[in-house]
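> Need coordinates for the below:
(one chain, ligands or ions: 2)
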Amino acid sequence: MSSPTSGTGRLQKAPENFLDRQGVRQVFEEARHGRRDFIRQAFAGAAGAAAAVAAPAALAQSNPLPVEGGDPHILNLPAHSTGLGQAVATDGYGKPSKYESNVQRRQSPGLTQTAQASVSFAPLQSLFGIVTPSGLHFERHHQGWWDVDPSQHRLMVNGSDPSLVKSPKVFTMDEIMRLPSVSRFHFIECGANSGMEWGNVAVPTVQYSHGMLSCSEFTGVPLKVLLDLCGVDTKRGRFVLAEGADGSSMTRTIPMEMVESGEVFVAYGQNGEMLRPENGYPLRLVVPGVQGVSWVKYLRRIEVGDQPYASKDEAIHYIDLMPGGLHRQYSSIQECKSVVTTPSGGQVLLDKGYYNVTGLAWSGRGKVVKVDVSVDGGRNWRPARLEGPVQSKCLTRFNIDWSWDGRPAVIQSRATDETGYVQPSYKQLRAVRGTRSIYHNNSIQSWLVQESGEVKNVQLS
Ligand SMILES: Nc1nc2c(c(=O)[nH]1)N[C@H]1C(S)=C(S)[C@@H](COP(=O)(O)O)O[C@H]1N2
Ligand SMILES: [Mo]
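Ligands and ions are numbered 1, 2, ... in the order given. This is a model prediction of the structure:
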C-alpha cells in the first residue's frame, strides 16, 4: 500500500464491464434455463478478477509517480497548447469527451428475457451533483421505446362516466405548450430499485444496486390546469387513470389529492430541452415522490374516475409480498433512502489517507433533512454536509471527509426526511417486510472496504 504519495488517497474506478461478450452470452443462456444463481456467481467472479488484474495498470495511468527531472506533461507543451483547435459547431449537438466513453447506462446481464421489456441502470458511481445527464437517465420499458412524432401526438381528457367531465378534450402538443408552465427538479426511482438485494447481496456495484434512479429538471403544465379546462367534477372524481401510447398499455391510478396539490404535471421538458424519446417524448406524467411506474410515458389519456382502477400494473404487478403471505397494494410513495456512491462496490482504494465520501439521498415525502455516515458498520455516525439547494422530492448530494487507516471499514449512509422518518437497516426492514418482496427496498446500503482496498457490496445481519 505504501508509495511516495502515501497519505493522499487515490481511487481506482469501478470496472464498468464485468463480463466479456462470451460471458454475457453465457449468462443469457443460463438465465433462459432459469439458473439465476449463476448470474450472481458470474458477477462476483468477474468483479473480483477485474479488480485483481486492473489495479497495477490503473495506478500507473491515473496517478503517475514524479519523474526524475520533472514531469514531462508540465515541462513539454502538448499539441493542443501550440496548434489550432477545432472549429465552432463541428458538432451541432455536443457529446461527452471520448475519454469518458466508459460512462454508460447498462443492462444487467440475464435479468430479463428481452431487451424491450427491460431496464438499463444509470452509472451513479460516475455522476456528480444531483442532475442525471439525459443520455444517462435510467430506462424502464415494458414494450420498447418509440420516437413519437409530436405533431401526431394527442392527450385526451375524459371521464369514466360522462357526468364527471363537463367538456372532455383532446389536446395537441402545441396547445399544451402554450399553457402556463412550471419547471421543477425531481427524482424518479423505479419501485423495483434495489429489488434484487431483498434476500441477499446480488450485484457488485452501485450502478446495479441503485441505478434505477435519476433526477432531472422537468418542465410542463400542472395536470390540474388541464382538468380545470375540461370542467372536472373533483367532488366525485377522486381518482385519475393515466395511460401511455406504447404497446404495453401502461395504466396507473393517481389519487386526486395529488393532482389538486399542483405537484403532478404533464412534462415535455427535461434538463432544458425536450424529453428524450427513451423517457417518454413528447409527453410524460411527473408524479413527484411516487414510484417510476406512475410516471406514464408517451402519455395519451387521462380518465377521471370515482374509484381506484386496480389495473394490471397495480393489481398483479407493483404489489409487495408481506411475510404473512398477503400482498400490499398501492404502496406507491418512495420512502426516504440514501446510498454512498464513492467509495462503492467495485472501486479500489489505492492508498490510505484522505477520501471524500459522497452519495445521494432522497425522500418521496419531501426534503431530506439529515444524512449520517458510518465507517464502522453502524456503531458510530457523523452528519454529512448536504449540498444545497435541498429540494423536495429531489436528490440531495452529500459529502463527508474520511481518512482511511488501511484497515477494513464498512461504509454506510442513513437519511432522515422532514417527516422525521429514518431510513431503516436491513434488519429493521425485514422485520416488517420479510425477504420475498421485490419493490420498495429502501434499506441502508453497506460497502466493505477490504484491507486490499477493494470495495465490496455486503449486508450486515
Ligand atoms: N408508457 C410507459 N410508461 C412507463 C413505462 C412503460 O413501459 N411505458 N414504464 C414505467 C416504469 S416501470 C418506470 S420505472 C418509469 C421509467 O422511466 P424512464 O424510462 O424515463 O427512466 O417509466 C414508467 N412509465
Ligand atoms: Mo418501474
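> Let me see the contact set for whatever residue of the stretch 151-300 of the chain ends up closest to ligand 2.
Using CB to the ion, the closest approach of the stretch 151-300 of the chain to ligand 2 is made by Cys190 at 3.3 Å. Bear in mind the C-beta positions are built from the backbone N, C-alpha and C, glycine included. Cys190 makes contact with Val119, Phe138, Arg140, Met212, Leu213, Gln291, Gly292, Val293 under the criterion CB atoms under 8 Å, 6 or more residues apart in numbering.
> does the fourth one really touch Gln334, like I thought?
The one in question is Met212. No. Checked against CB atoms under 8 Å, the pair Met212 and Gln334 is beyond contact range at 10.8 Å.
> Between these two, which contacts overlap?
By CB under 8 Å, 6+ apart, Met212 and Gln334 have these common neighbours: Glu189.
> How about the residues of this protein by ligand 1?
By the rule CB under 6 Å from any ligand atom, the part of the chain lying against ligand 1 is 137-142, 188, 190, 244, 246, 248, 250, 278-280, 292-293, 295-298.
> Which of these fall in strands?
Glu139, Arg140, His141, Ile188, Gly244 (DSSP state E).
> quick one: the closest residue to the last one other than its chain neighbours from His80, how far?
Read that as Gly244. Distances taken as CB to CB, 6 or more residues apart in numbering put Met250 closest to Gly244, at 4.1 Å, once the chain neighbours are dropped. Going from Met250 to His80 by CB to CB, to the nearest Å gives 48 Å.
> Against Gly272, how distant is the residue lying closest to His317 once chain neighbours are set aside?
Leaving aside its sequence neighbours, His317 sits nearest to Val293 (CB to CB, 6+ apart; 7.9 Å). Distance, Val293 to Gly272, by CB to CB: 26 Å.
> the more surrounded of these two?
More neighbours surround Val293 than the other of Val293 and Gly272, with 21 against 10 (other CB atoms under 10 Å).
> Where does the prediction get shaky in the protein?
Across the chain, the ranges flagged by pLDDT under 70 are 1-8, 15-67.
> hmm, try it at 50
Scanning the chain for pLDDT under 50 picks out the ranges 1-6, 17-20, 35-36, 38-40, 42-62.
> Now do the domain split for it, please.
Recorded structural domains for the chain (assignment: automatic domain parsing) are 139-328, 337-458.
> quick one: which of the ones in strands among the residues of the chain next to ligand 1 is most hemmed in?
In terms of neighbour count, Ile188 stands highest of these at 30 neighbours, by other CB under 10 Å.
> okay, Met250 and His80: which has more neighbours?
Using other CB under 10 Å, the more surrounded residue of Met250 and His80 is Met250, with 24 against 8.
> ranges for the strands of the stretch 301-450 of the chain?
320-321, 327-328, 337-342, 348-349, 353-362, 368-374, 382-383, 385-386, 396-404, 409-417, 446-449 (DSSP state E, counting those that start in this stretch).
> Out of those, indicate the one that is most buried.
When these are scored by mean count of other CB atoms under 10 Å, the highest mean neighbour count falls to strand 337-342 (a mean of 27).
> so how far is that strand from its chain's centroid?
Here the centre of strand 337-342 is set off from its chain's centre by 11 Å, with CA atoms, centre = their mean, to the nearest Å.
> ok, now stretch 359-374?
The answer for stretch 359-374 is 15 Å, by CA atoms, centre = their mean.
> And for stretch 159-169?
So, by CA atoms, centre = their mean, the centroid of stretch 159-169 is 37 Å from its chain's centroid.
> now stretch 171-187
23 Å.
> Residues touching it, excluding its own?
With contacts defined as CB under 8 Å, 6+ apart, stretch 171-187 is touched by 130-131, 150-151, 153-157, 213-222, 225-226, 265-266, 268-269, 282-283, 286, 288-289, 334, 362, 391, 393-395.
> Between the two ends of it, how far is it?
The first residue of stretch 171-187 is 27 Å away from its last residue (CA to CA, to the nearest Å).
> So which bits of that stretch are buried?
Phe171, Met173, Ile176, Met177, Ser181, Val182, Arg184, Phe185, His186, Phe187 (16 or more other CB atoms under 10 Å).
> Likewise for stretch 247-261?
When neighbours are counted by 16+ other CB under 10 Å, the buried residues of stretch 247-261 are found to be Ser248, Met250, Thr251, Arg252, Thr253, Ile254, Met256, Met258, Val259.
> and if you look at stretch 200-215?
For stretch 200-215, burial by neighbour count (16+ other CB under 10 Å) applies to 201-215.
> next one: stretch 422-436
Buried residues in stretch 422-436 (16+ other CB under 10 Å): Gln423, Pro424, Ser425, Tyr426, Leu429, Arg430, Arg433, Gly434.
> and ligand 2, which of these contact it?
Applying CB under 5 Å from the ion to the buried residues of stretch 422-436, one finds that nothing falls near ligand 2.
> got the residues of the chain near ligand 2?
Close to ligand 2, as judged by CB under 5 Å from the ion, the chain has residues Arg140, Cys190, Gly292, Val293.
> Trp404: which of those residues is nearest?
Nearest to Trp404, judged by CB to CB, of these is Cys190 at 32.8 Å.
> need the contact list for the closest residue to ligand 2 within the stretch 1-150 of the chain.
Going by CB to the ion, ligand 2 is nearest to Arg140 of the stretch 1-150 of the chain, at 4.5 Å. Neighbouring residues of Arg140 by CB under 8 Å, 6+ apart: Ser118, Val119, Cys190, Met212, Gly292, Val293.
> Make CSV from these and add distance to Ala415 to it.
Below are these laid out as CSV (distance: CB to CB, whole Å):
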residue, distance to Ala415
Ser118, 29
Val119, 24
Cys190, 18
Met212, 18
Gly292, 19
Val293, 23
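> and of those, the nearest to ligand 1?
Gly292 (2.6 Å; CB to the nearest ligand atom).
> what's the residue closest to the geometric middle of this protein?
Leu213 (1.1 Å; CA atoms, centre = their mean).
> ok, the closest residue to it other than its chain neighbours - contacts?
Among residues not flanking Leu213 along the chain, Glu189 sits closest, at 4.6 Å (CB to CB, 6+ apart). For Glu189, the contacting residues are Met212, Leu213, Gln291, Gly292, Gln334, Lys337, Trp362, Gly364, by CB under 8 Å, 6+ apart.
> now the farthest one out in the protein, which residue is it?
For the chain, the residue at maximal distance from the C-alpha centroid (CA atoms, centre = their mean) is Gly69, at 46.8 Å.
> phi, psi of it?
phi 90, psi 0 (degrees, to the nearest 10).
> ok, now how distant is it from Asn76?
With CB to CB as the criterion, Gly69 and Asn76 are 12 Å apart.
> got a list of what the residue in the stretch 351-461 of the chain that ligand 2 sits nearest to touches?
For the stretch 351-461 of the chain and ligand 2, the shortest gap (CB to the ion) falls at Tyr439, measuring 8.6 Å. Shown in contact with Tyr439 (CB under 8 Å, 6+ apart): Gly191, Ala192, Gly195, Gln291, Tyr318, Ile319, Asp320, Ser331.
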